[in-house]
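**Student:** Sequence first, predicted coordinates after that:
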Amino acid sequence: MKKRPGLIIIFMLFVILALSLVQVSLSNRIATDGAKLAKIDQQIDGYKKQNAILGEQALGAASFTIIANKAQKLGFVPEKSPIYLSTPLPLALKQ
């Protein structure tokens with residue numbers, strides 16, 4: 001009977017030591033994950049800014065005035081009277 005309290009104390013010390021090691025390991029992992037998360041957040045912010053800039057550039061390049069200016073520089077002129085290759089069919093055929 002006297003050996004039981006000694007075994008219980010040794011077992012409790014072992015459990016306390018094991019739990020302390022688990023806590024240290026988890027704390028270390030959480031600390032490094034926080035740094036990685038901060039780096040990823042910075043990358044996301046950079047990509048959002050770049051996406052906004054590219055969106056503005058795409059809208060600017062697709063505007064009608066820019067397209068008209070580029071067409072004029074390339075020698076395109078507006079056609080006053082359109083030319084049809086074939087006569088259009090009537091909307092409803094007579095029966």
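**Tutor:** Sure, I can see it.
**Student:** Check whether residue 6 sits in a helix, strand or coil.
**Tutor:** In three-state terms, and counting by DSSP: H, G, I helix; E, B strand; the rest coil, residue 6 is helix.
**Student:** For the chain, name the helix or strand with the lowest mean pLDDT.
**Tutor:** Every helix and strand in the chain was compared by mean pLDDT, DSSP states H and E; the lowest is helix 64-73, with a mean of 86.
**Student:** Work out the gap between stretch 70-83 and the centre of the chain.
**Tutor:** Stretch 70-83 sits 41 Å away from the centroid of its parent chain (Cα atoms, centre = their mean, to the nearest Å).
**Student:** To what extent is residue 15 buried, counted in neighbours?
**Tutor:** By the measure other Cβ atoms under 10 Å, the count of residues near residue 15 is 10. The way it works is simple: take the backbone N, C-alpha and C, and place the C-beta from them, glycine included.
**Student:** swap in residue 41?
**Tutor:** When counting by other Cβ under 10 Å, one arrives at 10 neighbours for residue 41.
**Student:** name the element it belongs to?
**Tutor:** Assessed by DSSP states H and E, residue 41 sits inside helix 3-61.
**Student:** Quick one: work out the angle between that helix and helix 64-73.
**Tutor:** 50 degrees (axes from the mean of the first three to the mean of the last three Cα atoms, to 10 degrees).
**Student:** which strands and helices sit next to helix 3-61?
**Tutor:** Under the contact definition 3 or more Cβ pairs under 8 Å, 6 or more residues apart in numbering; DSSP states H and E, helix 3-61 sits against no other helix or strand.
**Student:** Now do residue 18 against residue 4, distance only.
**Tutor:** Residue 18 sits 21 Å away from residue 4, going by Cβ to Cβ, to the nearest Å.
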